[in-house]
Every structure is written in C-alpha cells, then in structure tokens.
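K.L.:
Kindly return the folded structure for what I paste below:
(one chain, ligands or ions: 1)
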Amino acid sequence: MEFTIRNIGAYFVSYLLILSGKVRKINNKASNSEIILSVYFHNPTRKLFESTVKWFIKNKYKFISVEDLNEILKSEIEFPKSTVVFTVDDGWKDNKINIVSIANKYKVPVTIFATTDPIEKEEGFWWSYISKGKSIGLIKKTVNELKIVPNSFRIKNLLQVKSTIKIDREALTIEELKEISSHNNIIIGSHTISHPILTKCSTRLVEYELKESKNILEKWINKPIKSFAYPNGEFKEREIEILKRNGYEIAFSTKQKYLTTDNRNQRFSIPRFDVLENVSFTENICRMTGVWFYRK
Ligand SMILES: [Zn+2]
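P.N.:
Take a look at the predicted model:
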C-alpha cells in the first residue's frame, strides 16, 4: 500500500466498518443465497491476489467461473451459498505469474478479459502513452479527459504521442495467452481490440471492436469466447445489442453494486467490486465485499 493520507484515512474507515459487523453481515447474506460477490482485478501483485483468495477461503466462500455464473443466471435455480466470481481486466503481462499461478495453486476459476491490440502489437496500453505524453508536454489532455471526448479526438492525441515515444509491451504475448487458456480454471473473455470507450465510438467501430476481438481471440486460443467486459465499464443499450448479435452470452460492467436475486436477469451488465493495487488490504476487504461502496 502507498502511505498517503487518503489511504491511511481509508484504512481506519475500513477497520471501523469491519469492526461494526458490516462485512460479517454481507458474508451472512452470501451464505443465505441472497447475493453472489463479483470481484475484479487489473494488475495485482501475487501477494495481493493470494491474500484475496485466502480471505475468501477463510470466510468459507466457493469460487465459481464466469461460465458457472452464466448458467446460474440463465436458469431459475437458487443462488449457491457463499459464492464469489473473479474476473480480471486488460490482460496485463504480470497476470501470468501473479494470478494464473495462484489460481492454479488454489484451484480458483478466473476469467481474464484480454485486449487484443496490445497483445498482438507488443506495445503499451493507450492510457500509458497518454499519461507519458502529457507528463512530457507532448499533449495537453489527461487520460481521464480523453475518456469523455469523441473517440476520434482520443485517437488523434494517441497517434501524436505514439509518433514520438515508445512504450514496451505491457500485455501478455499471444503465446502466453494461449498457454494460460489451456489451464482448466482459466477462461479468456474479450475486452475489445483497442480498449476504446465504446459509448464515444461510432456504431461501426463498436461492431468491429466486439466482433473482431472475439474472432481474433478464438483463433488464438481455439476456444469459443462468450464473455465480455466493457472498457472503463462504459456501455449503453447499443453495446448490449451488438454483443448479443455477435454471440456473446454475458458481459461485465464496473458498477459497484451487489449481484442479487433482483438484478440476476441483467446478464449484460453484471456488476463488479474492484480490488485496488495501492490501498490497504483492510480497505480491499471492504471493497470486495461491497461494504466500502455502501458505507454512506
Ligand atoms: Zn480495461
């Protein structure tokens, strides 16, 4: 954890939340089949990922895969007791040693949503170019500012930076992705080709990003791709329709809400709680159980 004022404050808030019994209450709800916890990561350390797995094991949770979740949501059956589903966004190169090895050790099913361009082109993710470009004065806009403008404007800035600086590969290689996908407990899903903010793209581009990423991944790993995670969690009705039309069966948002028996029919906007890489583990306990997001 980074020892910032924010993190230390959040540590104490989280400590009190746990002490007050809020986390225990959620564990009880999960054991009563009222909720399924849905947790996601990006690029955690091995220690963080293993601690998270161990915490759920200690609290008597069972891990289910995205495919299991899909079947549970599709059917009318009751939620299984004390259940959690793990997903990972982007396809960071360190996922192989930090996530896959731990997932194998504890037999934890994990779905990794891969972005194909950074894998295929052996380059950085777009936001890495933008933040570097901004820091050395090549462009004026920040990453967050470029997430809310039309996609063509983001691309213009990105190309401007890419013409000057180089960033080493940040994602897995094709070979690594193939190897990872051969493990029984690892499922690969799509996270588009270039990780654009879909709601800022033309319909034609959204079609391409969703359809082609599925085709590319299926060709690489020789398995059907059925699941999807929206880049930055951004989507509207249009994105859901295009996913359905292209054979996807389930999609994950970044809405920090509980997956309950009430919203179980929304299979194309599954909520998820994030585990952060630079905060205390105490805060992450509150985040992955959702207590952090419902504290007010
Ligand atoms: Zn992402």
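
K.L.:
Helices along the stretch 101-250 of the chain, start to end?
P.N.:
Ranges of helices in the stretch 101-250 of the chain, per DSSP state H, counting those that start in this stretch, are 101-106, 116-120, 126-135, 143-146, 151-162, 174-181, 203-221, 237-245.

K.L.:
Tell me who's in contact with the residue in the stretch 101-250 of the chain positioned nearest to the ion.
P.N.:
The stretch 101-250 of the chain approaches the ion most closely through Pro231 (4.9 Å), counting by C-beta to the ion. Heads up, the C-betas are built off the backbone N, CA and C, glycines and all. The neighbours of Pro231, taking C-beta atoms under 8 Å, 6 or more residues apart in numbering as the test, are 115, 191-192, 195-198.

K.L.:
distance of it from Ala103?
P.N.:
Distance, Pro231 to Ala103, by C-beta to C-beta, to the nearest Å: 23 Å.

K.L.:
Check the secondary structure at the residue most central in space within the chain for me.
P.N.:
By C-alpha atoms, centre = their mean, the chain has its centre lying nearest to Asp89, at 3.4 Å. Judged by DSSP: H, G, I helix; E, B strand; the rest coil, the three-state class of Asp89 is strand.

K.L.:
bridging residues for it?
P.N.:
Beta bridges link Asp89 to Phe113, judged by DSSP bridges.

K.L.:
ok, it - contacts?
P.N.:
Per C-beta under 8 Å, 6+ apart, neighbours of Asp89: 40-42, 113, 191, 229.

K.L.:
The ion contacts on the stretch 1-150 of the chain?
P.N.:
89-90 (C-beta under 5 Å from the ion).

K.L.:
Need the per-residue pLDDT for the residue nearest to Ile186 when sequence neighbours are not counted.
P.N.:
Leaving out its chain neighbours, the residue that sits closest to Ile186 by C-beta to C-beta, 6 or more residues apart in numbering is Ile180, at 5.3 Å. Note on Ile180: pLDDT of 97.

K.L.:
before we move on, what about the one 4 residues further on?
P.N.:
Among the per-residue scores, Asn184 shows a pLDDT of 93.

K.L.:
neighbours of it, just the number please.
P.N.:
Close neighbours of Asn184, defined as other C-beta atoms under 10 Å, add up to 10.

K.L.:
gap between it and Tyr129?
P.N.:
36 Å.

K.L.:
Check whether Phe63 really touches Val85, as I assumed.
P.N.:
Yes - using C-beta atoms under 8 Å, Phe63 makes contact with Val85 at a distance of 7.3 Å.

K.L.:
intersection of neighbour lists for those two?
P.N.:
Pro109.

K.L.:
burial measure for Phe113, as a count.
P.N.:
Neighbour count for Phe113, taken as other C-beta under 10 Å: 27.

K.L.:
Would you mind measuring from the residue of the stretch 101-250 of the chain closest to the ion to Ala114?
P.N.:
Taking C-beta to C-beta, one finds Pro231 at 12 Å from Ala114.
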